[in-house]
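Visitor: take a look and give me a structure for this.
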Amino acid sequence: MKFEELGIMQPILKALKQKNYSTPTPIQAKAIPLILRRSDVLGCAQTGTGKTAAFAIPIIQLIQKIEGREKNITLRALIVTPTRELAIQIDDNIKAYSAFTNLKHTVIFGGVKQGKQVELLKKGVHILVATPGRLLDLEQQGYLNLSTVKLFVLDEADRMLDMGFIHDIKKLLKLLPVKRQSLFFSATMPKNIVELSRKILKNPTKIEVSPVSSTAETVQQYLFYTNKNEKKDLLLHLLKDERIDQVLLFSRTKHGADRICRNLKKKKIKAAAIHGDKAQNQRQKALRQFKEKQIRVLVATDIAARGIDIDKLNYVVNYDIPNVAETYVHRIGRTGRAGKEGKSMSICEPEENAYVKDIEKLIKQKILVIKEHPYPQTDKPMTEQEKKEWNKEKQRKKQEFFANRKNKMARAK
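Guide: Below is the predicted model of the structure:
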């Protein structure tokens, strides 16, 4: 199938050709005709499946046909997404796809001064991409009128709820017109996501592509068992291979990301960290330098990594094994995109062995273990009895922590 067969107008086809797009991905082939027919869509698709184009292309076409001839610029499409990086990425894609139309678009997000964003809104836009906090803030200040919105997209809904945006989403829904076309995309569909979708969509068509339990066949997955205190040494050992020239490395915590970054810099390896505590300009600078290969390693937390879309990214490293198996799939999905090859390397300490088993159970395959390296895991994996004792001790410490905090609060009163 070609994009020409999906009923896409010539100006957009011209832009897609300029981007070297010829064959739609499965989600694009399913979603674009539905959206052009004005159906509400419930889409389940993980990162790297071409989801942004699946909703951006038909939105541009629908608005161009109606608004492209109008002199007054009216807000017609609102796309809400959880992170700044993802919002910027979506807006960049809209810019590319609408290059040969006269549509106006912009992106708004927190973490920066609102002045420039307000100026662009005052000039008028047809399509607005936004993060929830800044969107509601500018609406309350009177810079936005959402009553004219005809197309509403909630993207990365599962991450939105993970980040605590549920109350913002409920506020937003009250500001949108009841009569609208709505598109709802999420990588996973747990019960709370399904319930939220029912509040947003009307008689939606459900499309599901590449479920979260699957990893791209083009990604080669490797596992390195080591000890906690030797993780940094093993990482440096892996980076001795100069062919590994651009690495997206995942850390579980913000402090961990900063620590890894400092260790790499001490060894003269160019690196930068992005996470929620970094200012927006710092995050954008680090991402730009990484894309331009000015730095070799970009260390990121999971939330900050949403929206990182880098062509031909070959290497992802899990410095910390995620304790949620689905997160592993999302992480390694940053490479091996659009049919290209990629490699993921996971560094596992003894306490993370159980997480690896959960991941392998989810993806229904064994990850290739690389045993030939200088820092093998010497601690034996915990037996079932040891796990029970470890969990019991962890629970005891947790109860002790809350009891101490309660006592401190009582004394403070």
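
Visitor: so which bits of stretch 33-49 are buried?
Guide: 34-36, 39-49 (16 or more other Cβ atoms under 10 Å). Glycine gets a C-beta too; all of them are placed from N, C-alpha and C.

Visitor: among those residues, which lie within helices?
Guide: Cross-referencing the buried residues of stretch 33-49 against helices under DSSP state H gives 34-36.

Visitor: rewinding a little: from the buried residues of stretch 33-49, pick the one nearest residue 242.
Guide: Lowest distance from residue 242 to the buried residues of stretch 33-49 (Cβ to Cβ) belongs to residue 48, with 26.4 Å.

Visitor: show me where the stretch 1-150 of the chain has its helices.
Guide: Assigned by DSSP state H, counting those that start in this stretch, the helices in the stretch 1-150 of the chain fall at 10-18, 26-36, 51-67, 84-97, 115-123, 132-140.

Visitor: any chance of those helices in CSV, plus distance to residue 166?
Guide: Formatted as CSV, these follow (distance: least, Cβ to Cβ, whole Å):
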stretch, distance to residue 166
helix 10-18, 34
helix 26-36, 25
helix 51-67, 21
helix 84-97, 18
helix 115-123, 24
helix 132-140, 10
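
Visitor: need the strands for this protein, in chain order.
Guide: 41-45, 77-80, 105-108, 127-130, 151-154, 181-186, 205-209, 219-225, 247-250, 271-274, 297-300, 315-318, 342-348, 368-369 (DSSP state E).

Visitor: could I have the fourth one exported to CSV, CA atoms only?
Guide: Which is strand 127-130. The C-alpha coordinates for strand 127-130 follow below in CSV (Å, rounded to 0.1, in the frame of the first residue of the first chain):
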residue,chain,number,x,y,z
ILE,A,127,-3.5,23.5,15.3
LEU,A,128,-2.2,23.7,18.8
VAL,A,129,0.1,21.1,20.5
ALA,A,130,0.2,21.5,24.3
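
Visitor: count the neighbours of residue 300 for me.
Guide: Other residues within reach of residue 300, judged by other Cβ atoms under 10 Å, total 26.

Visitor: over to residue 15?
Guide: Residue 15: 20 surrounding residues under other Cβ under 10 Å.

Visitor: residue 138 too?
Guide: Residues lying near residue 138 (other Cβ under 10 Å) number 18.

Visitor: with residue 148 as the reference, measure out to it.
Guide: According to Cβ to Cβ, to the nearest Å, residue 138 and residue 148 sit 15 Å apart.

Visitor: for residue 123, same thing?
Guide: Computed as Cβ to Cβ, the residue 123 to residue 148 distance reads 16 Å.

Visitor: please apply the same query to residue 137.
Guide: In this view, residue 137 and residue 148 are 19 Å apart by Cβ to Cβ.

Visitor: and residue 202, by the same measure?
Guide: To residue 148, residue 202 is 19 Å away according to Cβ to Cβ.

Visitor: for residue 120, same thing?
Guide: Taken as Cβ to Cβ, the span from residue 120 to residue 148 is 17 Å.

Visitor: then residue 262?
Guide: Residue 262 is 49 Å from residue 148, by Cβ to Cβ.

Visitor: swap in residue 319?
Guide: 46 Å.

Visitor: ok, the two, which is more surrounded?
Guide: residue 319 (19 against 10).

Visitor: buried ones in stretch 236-246?
Guide: By neighbour count with 16+ other Cβ under 10 Å, stretch 236-246 contains the buried residues 238-239, 244, 246.

Visitor: now do stretch 253-269
Guide: Using 16+ other Cβ under 10 Å as the test for burial, stretch 253-269 gives 254, 256-258, 260-261, 263-264, 269.

Visitor: same question, stretch 313-323
Guide: Buried positions in stretch 313-323, judged by neighbour count with 16+ other Cβ under 10 Å: 313-322.

Visitor: repeat for stretch 14-25
Guide: Within stretch 14-25, the residues that count as buried by 16+ other Cβ under 10 Å are 15-16, 21, 24-25.

Visitor: and the residue nearest to residue 202 when sequence neighbours are not counted, how far is that from residue 234?
Guide: Leaving aside its chain neighbours, residue 202 sits nearest to residue 40 (5.4 Å; criterion: Cβ to Cβ, 6 or more residues apart in numbering). Remark: distance between residue 40 and residue 234 (Cβ to Cβ) = 48 Å.

Visitor: which ones are touching residue 312?
Guide: residue 340 (Cβ atoms under 8 Å, 6 or more residues apart in numbering).

Visitor: distance check, it against residue 238.
Guide: Per Cβ to Cβ, residue 312 is found 20 Å from residue 238.

Visitor: how about residue 50?
Guide: Using Cβ to Cβ, one gets 30 Å for the distance from residue 50 to residue 238.

Visitor: what does stretch 80-92 contact?
Guide: Residues from elsewhere that reach stretch 80-92 (Cβ under 8 Å, 6+ apart): 52, 56, 79, 105-111, 129-132, 135, 152-156, 159-160, 163, 165, 169, 172, 274, 280, 283-284, 287, 303-304, 306-309.

Visitor: just the buried residues out of those residues, in ChimeraX syntax.
Guide: Of the contacts of stretch 80-92, the buried ones go into a single ChimeraX selection, burial set by 16+ other Cβ under 10 Å:
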select :52,56,79,105,106,107,108,109,110,111,129,130,131,132,135,152,153,154,155,156,159,160,163,165,169,172,274,283,284,287,303,304,306,307,308,309
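
Visitor: can you list the domains in this protein?
Guide: 3-209, 219-369 (automatic domain parsing).

Visitor: for the stretch 251-400 of the chain, what are the low-confidence residue spans?
Guide: Where the stretch 251-400 of the chain drops to pLDDT under 70, the residues are 303-309, 311, 337-339, 379-383, 386-387, 389-390, 393-394, 396-398, 400.

Visitor: now with 90, please.
Guide: By pLDDT under 90, the low-scoring segments of the stretch 251-400 of the chain are 253-254, 274-285, 287-288, 291-292, 301-314, 323-342, 362-364, 377-400.

Visitor: gap between the closest residue in space to residue 321 that isn't next to it in sequence and residue 366?
Guide: If the residues on either side of it in the chain are set aside, residue 321 comes closest to residue 352, at 3.9 Å by Cβ to Cβ, 6+ apart. As judged by Cβ to Cβ, residue 352 and residue 366 stand 16 Å apart.

Visitor: and if you look at residue 279?
Guide: 42 Å.

Visitor: around residue 192, how many other residues sit close by?
Guide: 12.

Visitor: thank you, goodbye.
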